[in-house]
Every structure is written in structure tokens, then in C-alpha cells.
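In: Predicted coordinates and the sequence they were generated for:
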Amino acid sequence: MITPESWPTDPGECHDLLNRLKEQVEDLQAALDQAAKLHDQTVQGLEQAVEELRRELELYRRYVFGPRRERLVEAPGQGHLFELDGSESVTAPPEPPAREPKAPARTRRSRKPDYDRLPQVRIEHDVPEADKVCSQCGEPKTRIGEDEARVLEFVPAHFELHVHVLPKYACSHCRDGVVAPETPPRPLSGCIAGPGILAQVVVSKFSDHLPLYRFEDISTRYGLYLPRSTLCDWVGKVADLLKPLYELQKELVRQGGVIWTDDTHVTVLGGEEPGSQKGRFWVYIGPSAFPYDVYDFTPNRQRDGPAQFLANYAGYLQADAFSGYDGIYTGSDGQIVEVACWAHARRKFFEARSSSPAEASLILEMIRRLYEVEDRARPLDDAARRAMRQTEAVPILERLREALDRLSSKLLPKSTLAQAVTYALNQWQALCRYTEDGRLTIDNNVSERRLRDQAIGRKNWMFLGSVAAGPRAAVICTILAGAKRHRLEAWAYLRDVILQLSVDASPESLARLLPDRWAQAHLEHVLTHRLEESRQKARRRDERRGMRRLRSK
């Protein structure tokens, strides 16, 4: 501390003191600048953290309270805001009509139940004999007609015990030997259960999503107590019986050249570690030439499961951006080609609307144009679909890439929009690959829809009892998924499969039991009402999208 009394009188000493004071001032200013910079960085980091927490809160609130559908509801005529209309438009939209056309009237299928298909029990009612004599002349009355009153009733299901009688014959004179008919084959060796009850138990658990303890109560209601331990044994043995048909579908899917895949978790008990663990169901969907949905089970989400399933596979693999697939792509020497999902990329821009509404809406509008092309290309064959994508979708993708490059150079790295842009640019080649082949789709939603059964099931039966139950569940889910894909009555299909495989598991028999071939031979078990419902749903969806496109112009 320098005081007036200690101030030096020598000019040289004064000069040295001033230099030291300047150095101290500069050091203090540098410290202040460093503290201000650190303060700004801290404030910026806290602001980013707050923004990230706010975004997560919005996502959670939307997940709990809001709509799940990621639809953009824009005002009519807003396309010019994104510089996508007019002469700069990549695709030339059709001229809007003078007035908005009305949707064509569609004929609704009658929802009245077809009672005539049911077995009919005729119950006769009659008047007393005294009323059949005329009270005036005493002559018997003549029946001149009748009225009918129909009542729908329900007869509870019942168990039947089929007793197969096998008579034995022998000659009482020469004693040449004893002859008897062959014992009818059993689906499961040494098991009393027939194909009908086995199919019912499996369909009840894996198609109707009923836990076995509920079937235990239902069977008691119908007159027979079946312990759930017995039911578990039956399910496991049925899975072993169905394994050859599962392996055939697995091999055919790997020959298709295009596979859609996704996974979902399931709780598994009885692992090596105490408590429960998360297993994974993986679905692998074949193209229309090989129309089968094959499930696989792994005790974890490591890439070993997909790598083993896709060993020696060559073709397109459409999946999400799970890092476990990266080693599969690079380790296949170009045999497995990655195809990414535009639905995943779009979702990230949809979530960035709150922080960057203008930029995110521009990208979403371009992606909407891509989906418009897909709506018009869906009814076409593979070659025509590819040609339309090359003509109309590729130019949109080129402009979309330019917009992403512009955004990536000016966004903060940790912002929500920057993360969406980075995700799209990292996946860009795989995102554009669907335009190369007409069999591919713009997104991977088909595989996500196939996993709904497992998502619904785990809310009912809650968990798998052991790790060994996972592969057996995958076998059964594959067989029932084939019935669902081809809209077959699941119980009839599974009963026949169980019965046939218990007798003959040759390659010819397995080929006949494939769901698409079985459906052609058993048209009476095809659920036509489900087929008509899906067609009507698709028509209504296309009509709604067409009207929204007209209103947005």
C-alpha cells in the first residue's frame, strides 16, 4: 500500500513505481476479463441447460397429455413462406380446381351381423289343445301361418374328451396274431392335449394377450381346472413343434433382398443376476415376394443378435440409427446396404419447432413434399415407383440438403435444431437410398407397427419367466404374425399347423403350411371383414391427405 509519506522523491524510482502500478492494473484487468468470460460461458451453459430441460418438459407433457400424432396444422396458402411455391417449386403441383371438390360418396359396408351363418335351433311354441277347437262351431282350427321371433344366445365353450376306441381282433382257431388300428397321432408325445386346446392356449396368450393365469380361470369356468404350470409346459412344447416352420420363414426372409427391422424391450426373470433384466424382441420383415415377419429374441441389445441373424445376408436393411448396426454394415463388405428412416429424422425437426420455428418449419415442409410423392407412388409397381421418386423426390432432396448445409454453418452446436440437422446430415446417404429401389419405403414405420403386439402383450403378461422362454416366444410370435399379416383366423391356422407338423415335418409339408400358401388353400378362414376394413381405412386416409393438400395450396 503506497501512501503519500512513502512516495519516492527520486524521479527514477517514481518511474519504476508507475511501471509496477501499470502492470498491476493490467493484471487486474486481465483477471476481470477472464472472470467476465467465465461468467458469460457459465450463463450460456445454464441457458442451454434450461432450454434443454424446457424442451424435455414439453416432450414429456406432450407425451402424457398431448396428441401422439406429429401432424402440422398450417393455415391455407402458407407454402410461399418457405419459398417452395411458384417458379422455384421443385415439383409442379396440379392446378387447384375452381372450387374445393367434395369427397366422393363411398358406400359403407353393412355393419349388421350376418346371423344366417350361425347354427339355428328351432324352438316350437304352441297353444293349448283346447284353444285349437273353435268355440263357435266346435270344428278344429287350421294352421294358417306362423310368426318368428329371433333371439341371439351364447353357449359357453366346453371341453371334450375324445376317447379313441381301438378294437383288437384275433383268430380263435389258428392264433395267427392280433390286429388293431393304429393309435391316432398326438401333437405332443405323451400329452393328453389335442391340437384344438393347444392352439387355443397359444392364441389366447400371444394373440389375445391373456396371461396364463387368466386362462386357468377361464378353463375352470368351462368345467376343467388346468394349472398354469401345465399350460406353460404346453406352450413350450408347441414352440418346439413349430420350430421347423419358423426356421423356414427365417431362411426365406433372408433371401428377400430387403429387410425392415426394429426392436422392443421385454422384462425377463431368472437371469444370471438377481432380479429382472431387459430382453429384446427383434422383428425382421420380408418384402412382398417373401411375405413373412420373423421375430428373434436376445437377452440384451448388443449387436451380436442382429449380426447372427443377418449372417450371410445380402441386400438392403432398413432400420433406425441404432449404433449396433454400424458394425454390421461395415463388416459385411458392402453386402448389407443401410437404408435410414425419414420418420426418425422428421421427428427431431418436429421437436425443434418451439426453439427455431421458422427454420424447422422449412425443413418439415420439404419433408412433407417427399411424403406427398410417396402417397402418389404407393399404388404403383416397383419400377414405376422408382421412376417417380427419381423424377420428383430427388430434386426435393437436393434442395433439402442445401438448406441443411446452410443451417449447419450458423447454428449453436448444442441447440435442438443443430442436433436435428446433424442427425440428418450424418444419415444423409442412407436417407436418400430409398429412391434407388422401388421396393424400399421412405420410413421404417412398418417394423414399428409389427412390434405393437409385443408392446400390448407386455402390459398384460408383464414378463417372461426365464431367458429360455424368449426364443420360444419368438417362434410362436412369428407363426401368429404370419396369420395376422395374411388376415387368417389364427386359431384355425395354428390348429392345422400343429396337427400337420405332428404327422409330417418334411420340406414339402412345411412349404404348404406357409401362411400365404395356406391362405390360398383355405379361403374360408381368411378374415374378409378385416381385409375390407384395411382397404376402407387406406381409402379414407388417402382422401384426407388429398383434401389437406388442396386446402394448403
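Out: Looks like it arrived, so ask away.
In: Count the residues that sit near A307.
Out: 16 (other C-beta atoms under 10 Å). Using the backbone N, CA and C atoms, a C-beta is placed for each residue, glycine as well.
In: Heading C-terminal from the longest helix seen in the chain, find the next helix or strand.
Out: Identified as the longest helix of the chain according to DSSP state H is helix 11-65. Counting by DSSP states H and E, the next helix or strand C-terminal to helix 11-65 is strand 169-170.
In: packing partners for the next helix-or-strand element following that following strand?
Out: Sequence-wise, the next helix or strand downstream of strand 169-170 (DSSP H and E) is strand 178-179. In terms of contacts (3 or more C-beta pairs under 8 Å, 6 or more residues apart in numbering; DSSP states H and E), strand 178-179 is packed against strand 169-170.
In: Adjacent strands (with direction) for the strand it packs on?
Out: strand 178-179 (antiparallel) (DSSP bridges).
In: Show me what counts as buried in the following helix or strand past the strand it pairs with.
Out: Under the assignment DSSP H and E, the closest C-terminal helix or strand after strand 178-179 is helix 195-206. For helix 195-206, burial by neighbour count (16 or more other C-beta atoms under 10 Å) applies to 195-206.
In: and the residue nearest to V179 when sequence neighbours are not counted, how many neighbours does it have?
Out: Leaving aside its sequence neighbours, V179 sits nearest to Y169 (C-beta to C-beta, 6 or more residues apart in numbering; 5.1 Å). Neighbours of Y169 under the rule other C-beta under 10 Å: 9.
In: pLDDT wise, what is Y169 at?
Out: If you check Y169, the pLDDT there is 88.
In: looking at it, it is touching P181, isn't it?
Out: No: contact criterion C-beta atoms under 8 Å: Y169 and P181 do not qualify, at 9.8 Å.
In: Near R439, how many residues? Count them for me, please.
Out: By other C-beta under 10 Å, 18 other residues sit near R439.
In: Does it belong to a helix, a strand or coil?
Out: Secondary structure, DSSP: H, G, I helix; E, B strand; the rest coil: R439 is coil.
In: any idea how far A383 is from it?
Out: 10 Å (C-beta to C-beta, to the nearest Å).
In: now A193
Out: Per C-beta to C-beta, A193 is found 50 Å from A383.
In: neighbour count winner among these two?
Out: Counted by other C-beta under 10 Å, A193 and A383 do not tie: A193 has more neighbours, with 21 against 9.
In: any idea of the pLDDT on that one?
Out: On the pLDDT scale, A193 is placed at 93.
In: What residues does the spatially closest residue to it that is not a sequence neighbour make contact with?
Out: Nearest residue to A193 in three dimensions, chain neighbours excluded: W234, at 5.7 Å (C-beta to C-beta, 6+ apart). By C-beta atoms under 8 Å, 6 or more residues apart in numbering, W234 lies in contact with 188, 191, 193, 198, 201.
In: closest to A36 among those?
Out: Comparing those against A36 with C-beta to C-beta picks out V201 as the nearest, at 72.8 Å.
In: Give me the pLDDT value at the closest one.
Out: pLDDT, read off for V201, is 96.
In: dump the residue contacts of it.
Out: Contacts for V201 were tallied using C-beta under 8 Å, 6+ apart; they are 212, 215, 231, 234-235, 238.
In: With V235 as the reference, measure out to it.
Out: Using C-beta to C-beta, V201 is found at 6 Å from V235.
In: what is in contact with those two at once?
Out: Listed as contacting both V201 and V235 by C-beta under 8 Å, 6+ apart are L212.
In: what ranges do the strands span in the stretch 201-350 of the chain?
Out: Assigned by DSSP state E, counting those that start in this stretch, the strands in the stretch 201-350 of the chain fall at 258-269, 276-285, 293-298, 315-318, 336-339.
In: Tell me the pLDDT of E392.
Out: E392 is assigned a predicted lDDT (pLDDT) of 95.
In: For the remainder of this discussion, apply numbering that starts at 26.
Out: Understood, numbering begins at 26; the last thing we discussed is E417.
In: and it, what are its phi and psi?
Out: Backbone torsions of E417, given as degrees, to the nearest 10, read phi -110, psi -40.
In: since we're on it, how many residues are nearby?
Out: Neighbours of E417 under the rule other C-beta under 10 Å: 19.
In: Surely it is in contact with V398?
Out: Yes: using C-beta under 8 Å, E417 is in contact with V398, at 4.9 Å.
In: hmm, back to that, the longest helix of the chain - what's its average pLDDT?
Out: pLDDT averaged over helix 36-90 gives 79.
In: name the helices or strands packed onto it?
Out: Against helix 36-90 (3+ C-beta pairs under 8 Å, 6+ apart) you get helix 441-451.
In: mean confidence score for the helix it packs on?
Out: Rounded mean pLDDT across helix 441-451 is 92.
In: Go through it and flag the buried ones.
Out: For helix 441-451, by 16+ other C-beta under 10 Å, it's 441-446, 448-450.
In: With distance to N469 as extra columns, can I get these in CSV?
Out: Shown next, in CSV, are the buried residues of helix 441-451 (distance: C-beta to C-beta, whole Å):
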residue, distance to N469
T441, 22
L442, 23
A443, 24
Q444, 20
A445, 18
V446, 20
Y448, 15
A449, 15
L450, 19
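In: Quick check: of those residues, which lies closest to Q66?
Out: A443 (18.0 Å).
In: Find the nearest non-adjacent residue to the closest one, please.
Out: Computed as C-beta to C-beta, 6+ apart, the closest residue to A443 that is not its neighbour in sequence is L436, at 4.0 Å.
In: residues touching the closest residue in space to L84 that isn't next to it in sequence, list them.
Out: Spatial nearest neighbour of L84, excluding adjacent residues (C-beta to C-beta, 6+ apart): E376 at 6.4 Å. Applying C-beta under 8 Å, 6+ apart to E376 gives the contacts 80, 84, 441, 445.
In: could you redo the last one with a cut-off of 7 Å?
Out: E376 is in contact with 80, 84, 441, counting by C-beta atoms under 7 Å, 6 or more residues apart in numbering.
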